[in-house]
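>>> need a structure here:
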Amino acid sequence: MSVRGMWVWGVALTAMAGCGAAGKGGGGAAPPSNPGATTVGPVAAFGRPTEVAAFVSTFRALYPALAQGRSDEALGADVIQVCQHDLRDPSTGRRSAHGEAVALQRIPGRFERDGITVDLTTARTILAVAQGTACGPVEVKGS
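Down below sits the predicted model:
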């Protein structure tokens, strides 16, 4: 694992330890209003709920002002956009050669909140956390 990868996981674990485990106690998303509904949200459809939850917990710990008033599902949907549409070519699903540059351009607009803007340093940190959690490599069994 690279130093950057270890740093991201260290930040994620520290943030999760400070916030408590995802889904426990206060601070989590409200339960669905219709538990019998079959609509699948973007986080469930993405298929990496643990990794998305790790991103959301870390983001909330690092940037409480940017996270304030936003649901876990909304933050999860934003990081999924980074994973699927910025870092990867949406038409092929493969990593884009310019994915990180695209992500760094789009992250400020995706994560700004109530007049609080995301600078380049913050965008880089958000990208690093996304790559270390929700956008991390997918393990394919049998290969």
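
>>> what separation do you get for the closest residue to residue 99 other than its chain neighbours and residue 113?
The shortest distance from residue 99 to any non-neighbouring residue, by C-beta to C-beta, 6 or more residues apart in numbering, is to residue 87 (3.9 Å). (Each C-beta comes from the backbone N, C-alpha and C, glycine too.) Counting by C-beta to C-beta, to the nearest Å, the gap from residue 87 to residue 113 is 22 Å.

>>> same deal with residue 62?
13 Å.

>>> could you do residue 52 as well?
Distance, residue 52 to residue 113, using C-beta to C-beta: 19 Å.

>>> buried ones in stretch 64-83, by neighbour count?
Buried positions in stretch 64-83, judged by neighbour count with 16 or more other C-beta atoms under 10 Å: 66-67, 70, 72-73, 75-83.

>>> next one: stretch 112-120
residue 118.

>>> can you name the residues in contact with that stretch?
The contact list for stretch 112-120 (C-beta atoms under 8 Å, 6 or more residues apart in numbering) reads 65, 66, 67, 68, 69, 70, 104, 107, 108, 111, 126.

>>> mind checking the pLDDT average for stretch 103-118?
The average pLDDT for stretch 103-118 rounds to 94.

>>> kindly check the end-to-end length of it for me.
Using C-alpha to C-alpha, to the nearest Å, one end of stretch 103-118 lies 13 Å from the other.

>>> on that earlier part again, got TSV for the buried residues of stretch 64-83, with distance to residue 46 too?
Converted to TSV, those look like this (distance: C-beta to C-beta, whole Å):
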residue	distance to residue 46
66	21
67	19
70	17
72	13
73	11
75	13
76	8
77	9
78	12
79	9
80	5
81	10
82	11
83	8
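
>>> need the contact list for the residue nearest to residue 99.
By C-beta under 8 Å, 6+ apart, residue 87 lies in contact with 95, 96, 99, 100, 102, 103, 131, 135.

>>> now the helices for this protein?
Assigned by DSSP state H, the chain shows helices spanning 3-19, 42-46, 49-62, 64-67, 72-81, 99-111, 120-132.

>>> just those: most buried one?
helix 49-62 (a mean of 22; mean count of other C-beta atoms under 10 Å).

>>> elements contacting it?
When contacts are defined as 3 or more C-beta pairs under 8 Å, 6 or more residues apart in numbering; DSSP states H and E, helix 49-62 sits against helix 3-19, helix 42-46, helix 64-67, helix 72-81, helix 120-132.
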